[in-house]
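Show me how the following folds:
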Amino acid sequence: MSVIRGLRAALSAAAIVAASAVAVPSWAQPAPDAQMPDAQTLRTRIDGLIPAFEAYFQEGMKSFQVPGAAIGIVLDDRLIYAKGFGVKEQGKPDPVRPETIFQIGSTTKAFLSATLAQAVDAGRLAWSDRVSDLMPEFQLSDPWIGREFRVLDLSAQRSGLTPYVNDSLAMLGYDRASLIRSLRTAPVTLSFRSDFTYTNITHLAAGEILARKAGLGSWSDVVKAGILDPLGMAATTATAEAITQAPDHAMGHRVDKDAVVPVPFHPAFPYAVGAAGNLNSNIPDMAKWLRLQLGRGQFEEHVIVSEKNLDETWTPRVALTERLSYALGWIVSATPNGRVIWHNGGTLGFGAHAGFLPDRGVGIVILTNTQNRGFPDAAAQWLYDRILGNPTVDNVALALTAAREKEAEEQAKASQGKADAAQDLASLAGTYGSQVLGDVSASIEGKTLRLRLEETEAVLALTPVDRDMFAARLMPEGAFAPVARMVGDEVLTRIRFERDEGGQVRRMRWLEPSLPQVLERQ
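Prediction:
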């Protein structure tokens, strides 16, 4: 799995498309249960599903190589089921409990949309405010789109930008201001407000705007004051230090050539992308969050966010398929027997799912300590179908097939090229620069061409894949040693050096679509 694909699976909707492929075959059939059951009937149904679900879930953990997981089910404003499975860390006996802390990745995005709704409630901003008026440094390569971009667009995943654009800059040590500034040169490759395109930096910008408007240091302070404290989510935090210091926390893992490898915690990811995916939480806290959603903005008789503006976060904004739409931090699935509102999430070592049935009062959260390859969504959908009375399929088997096919495709792509192509490394050495990356020095050490990003001191080793083309990998040097352990020996991007008609190297081009950098030779 490449670094870029790892990041996609991470803060991601990488599993969104896979989830639609899993869900549609069952939901496309006639519904056998169109009646609206009462709470007691639902409780009886859920209780009856649990034994089969636990067996199914544990088999899925084996298939997806998940060391540990925790599940919570909410019904009728109560957490009725909470259980841990497996271990906190591969090879160690300490078991997962419902209270164990996990990174929750992009399920954080719904917390962002709720804090936006609270800001609208308070009159600090409006959904229709222009982003550039609130954050002048927010600019896009298309000036009209940049000026037309509204607060609501920040969370709606319809920017027209290349999916996941510049997320990997966080792994290379660039700060939040640099990530936001990088959008100035990012190409607009899809239709603004018409095409679904998953980005994270727009959510980071939304969080920064909220912090400014509230007069607080960061979005983490905003969500703590507006959501976490009022709901009593005392175990939920937003830093690498906090999860590391938590007495009961899981260790993240990634699958590397069929081996399950621990992933260290580091501020670079997901914490550097802020409101796009920086929260750590557990089952009891996430159950409170789902209770707030099912209570339509009320929690234990207190109004936390208005129903009107919470509904804005559930309203579909752009279609993914005929049955799936993206709202604001939520995905809305249409089924024969009712809506499912949900989002997945993950980091380089964790996968998560949080969702609910707004017309049934049911919520489900699944937290796992392996990079998200689609398992949490598939397991949750198995439950949704049976709770709703929809026709059923083997969701986990379909998700596993989709994950393996995608990984095989990535491996085949990575093997393309002519590694033995003749290289004139001396002609490539020198200094290159761009508005986003700053100065980048190319030098030869032994027989290897290396790039040093002067602004952050990250070093990339370049492996030939064709003439003047290389695969770039992050070197485990200095402050980037733990970051390199997070991503493993994976390709960050392919890089092509471009020559003029006289054969002189003029620029360096990073070819990964989600990391589109062009550096001119100095």
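
would you list every one of the strands in the stretch 101-250 of the chain?
Using DSSP state E, counting those that start in this stretch, the strands assigned to the stretch 101-250 of the chain run over residues 102-103.

Run through the helices of it in chain order.
Per DSSP state H, counting those that start in this stretch, the stretch 101-250 of the chain carries helices over the ranges 108-121, 131-134, 143-148, 151-154, 176-181, 201-214, 219-223, 229-231, 240-245.

before we move on, what SS does P376 have?
Judged by DSSP: H, G, I helix; E, B strand; the rest coil, the three-state class of P376 is helix.

With P262 instead?
When the structure is split into helix, strand and coil by three-state DSSP, P262 lands in strand.

which residue packs closest to F497, ignoring adjacent ones?
D468 (4.5 Å; C-beta to C-beta, 6 or more residues apart in numbering). For glycine as for every other residue, the C-beta is placed from the backbone atoms N, C-alpha and C.

residue contacts, that neighbour?
Q423, L428, R496, F497, E498, R499, V505 (C-beta atoms under 8 Å, 6 or more residues apart in numbering).

neighbours of the last one, just the number please.
This points to V505. The number of residues packed near V505 is 18, by other C-beta atoms under 10 Å.

quick revisit: list buried residues within the contacts of D468.
Q423, L428, F497, V505 (16 or more other C-beta atoms under 10 Å).

Of those, which belong to helices?
L428 (DSSP state H).

will you turn the buried ones among the contacts of D468 into a markdown table that also has distance to I283 and pLDDT?
Formatted as a markdown table, the entries for those read as follows, by distance: C-beta to C-beta, whole Å; pLDDT from 0 to 100:
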| residue | distance to I283 | pLDDT |
| --- | --- | --- |
| Q423 | 53 | 86 |
| L428 | 52 | 97 |
| F497 | 50 | 98 |
| V505 | 55 | 97 |
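
Which of the buried ones among the contacts of D468 sits closest to S514?
In terms of C-beta to C-beta, no member of the buried ones among the contacts of D468 lies closer to S514 than F497, at 20.4 Å.

and the gap between that closest one and L449?
Taken as C-beta to C-beta, to the nearest Å, the spacing of F497 relative to L449 amounts to 9 Å.

what's the longest helix along the chain in contact with?
Across the chain, the longest stretch assigned as helix under DSSP H is helix 39-63. Applying C-beta under 8 Å, 6+ apart, the external contacts of helix 39-63 come out as 37, 66-67, 69, 71, 73, 75-76, 80-81, 83, 85-86, 360-362, 368, 375, 378-379, 382-383, 386-387, 396, 400.

Out of these, which end up buried?
Burial by neighbour count, judged by 16+ other C-beta under 10 Å, picks out 37, 66-67, 69, 71, 73, 75, 80-81, 83, 85-86, 360-362, 368, 375, 378-379, 382-383, 386-387, 396, 400 from these.

Tell me where the model's unsure across the chain.
1-35, 414-422 (pLDDT under 70).

Apply 80 and report the result again.
1-36, 410-422 (pLDDT under 80).

check contacts around A319.
When contacts are counted by C-beta under 8 Å, 6+ apart, A319 touches F196, S325.

ok, now with 10 Å
Counting by C-beta atoms under 10 Å, 6 or more residues apart in numbering, A319 makes contact with R158, S194, D195, F196, S325, Y326, V332.

Please pick the buried ones from those.
Judged by neighbour count, with buriedness set by 16+ other C-beta under 10 Å, the buried members of those are R158, F196, S325, Y326, V332.

Just grab the bridge partners of the fourth one for me.
Taking DSSP bridges, one finds V318, I331 as the beta-bridge partners of Y326.

Could you report the distance from it to S159?
Computed with C-beta to C-beta, the distance linking Y326 and S159 is 12 Å.

what touches both of these two?
Looking at what touches both Y326 and S159 (by C-beta under 10 Å, 6+ apart), the common residues are T197, Y198, V318.

Would you mind putting these into a markdown table with neighbour count and distance to E490 alongside?
Converted to a markdown table, those look like this (neighbours: other C-beta atoms under 10 Å; distance: C-beta to C-beta, whole Å):
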| residue | neighbour count | distance to E490 |
| --- | --- | --- |
| T197 | 23 | 23 |
| Y198 | 25 | 20 |
| V318 | 17 | 30 |
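
thought R78 was touching R291?
Yes - in this structure, R78 sits in contact with R291. The criterion is C-beta atoms under 10 Å, and the distance is 8.0 Å.

Looking at the two, which is more packed in?
Comparing R78 with R291 by other C-beta under 10 Å, the one with more neighbours is R291, at 21 against 13.

for the stretch 301-450 of the chain, what spans make up the helices?
Assignment of helices within the stretch 301-450 of the chain using DSSP H, counting those that start in this stretch yields the ranges 307-314, 375-388, 395-414, 425-428.

tell me the most buried of those helices?
Sort the helices of the stretch 301-450 of the chain by mean neighbour count, taking mean count of other C-beta atoms under 10 Å, and helix 375-388 sits at the top with a mean of 25.

which helices and strands does it pack with?
Here helix 375-388 touches helix 14-27, helix 39-63, strand 68-75, strand 331-335, strand 338-346, strand 351-357, strand 362-368, helix 395-414, going by 3 or more C-beta pairs under 10 Å, 6 or more residues apart in numbering; DSSP states H and E.

the inter-axis angle of the helix or strand just after the third one versus strand 362-368?
For strand 68-75, the succeeding helix or strand toward the C-terminus, using DSSP states H and E, is strand 78-86. Regarding strand 78-86 and strand 362-368, their directions subtend 20 degrees when assessed with axes from the mean of the first three to the mean of the last three C-alpha atoms, to 10 degrees.
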